[in-house]
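**Q** only geometry, no sequence info:
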């Protein structure tokens, strides 16, 4: 069994979205959103600005999409949302730890070795096929980690 065959449904859906031209955040959130009650199109629109490391080479878009999915699953706000926020903060921390162990960083520019938010960095990433060779596995791993977390929480 290949690594892709071992990945869950969300990872395969995220990879398909990514291969179809969605950015990393859109792919992860878009893959997970329908099972969490959010329309895929709305999720993709919501996540647009989080690709390429929040549009500035910072936190990986796949990480951002994963945290948005965790918020969608367990979040809440306002004066009655304190417990939900604490839950999501803790789950985000678990996700960050797992992703960091697997990939060494949460920062886009560190993960791919250049800053794709600049024209020069984007050209390097495109020329060296980094969006496929580096980013696609980040997308599938982020979706897979969240899918596992959701399954564990579902009991």
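**A** Arrived safely. Here the structure is a predicted model, which means the values were calculated and not measured.

**Q** in this structure, which residue is most central in space?
**A** residue 62 (2.4 Å; Cα atoms, centre = their mean).

**Q** which strands or helices does the lengthiest helix in the chain pack on?
**A** Counting residues, the longest helix in the chain under DSSP state H turns out to be helix 82-103. In this structure, helix 82-103 packs against helix 61-74, helix 136-154, with contacts taken as 3 or more Cβ pairs under 8 Å, 6 or more residues apart in numbering; DSSP states H and E. All C-beta spots, glycine's among them, are computed from the backbone N, C-alpha and C.

**Q** so which of those helices is the most surrounded?
**A** By mean neighbour count, with neighbours taken as mean count of other Cβ atoms under 10 Å, helix 61-74 ranks first of the helices and strands packed on helix 82-103 at a mean of 26.

**Q** show me what that helix is packed up against.
**A** For helix 61-74, the contact count by 3+ Cβ pairs under 8 Å, 6+ apart identifies helix 24-32, helix 40-47, helix 82-103, helix 136-154 as packing neighbours.

**Q** hmm, 6 Å instead?
**A** Using 3 or more Cβ pairs under 6 Å, 6 or more residues apart in numbering; DSSP states H and E, the elements in contact with helix 61-74 are helix 24-32, helix 82-103, helix 136-154.

**Q** so what touches the longest one?
**A** By that I understand helix 82-103. 66-67, 70-71, 74-76, 111, 141, 145 (Cβ atoms under 6 Å, 6 or more residues apart in numbering).

**Q** what's the neighbour count on residue 96?
**A** Neighbours of residue 96 under the rule other Cβ atoms under 10 Å: 16.

**Q** before we move on, what's the pLDDT of it?
**A** Per-residue confidence at residue 96 stands at 98 (pLDDT).
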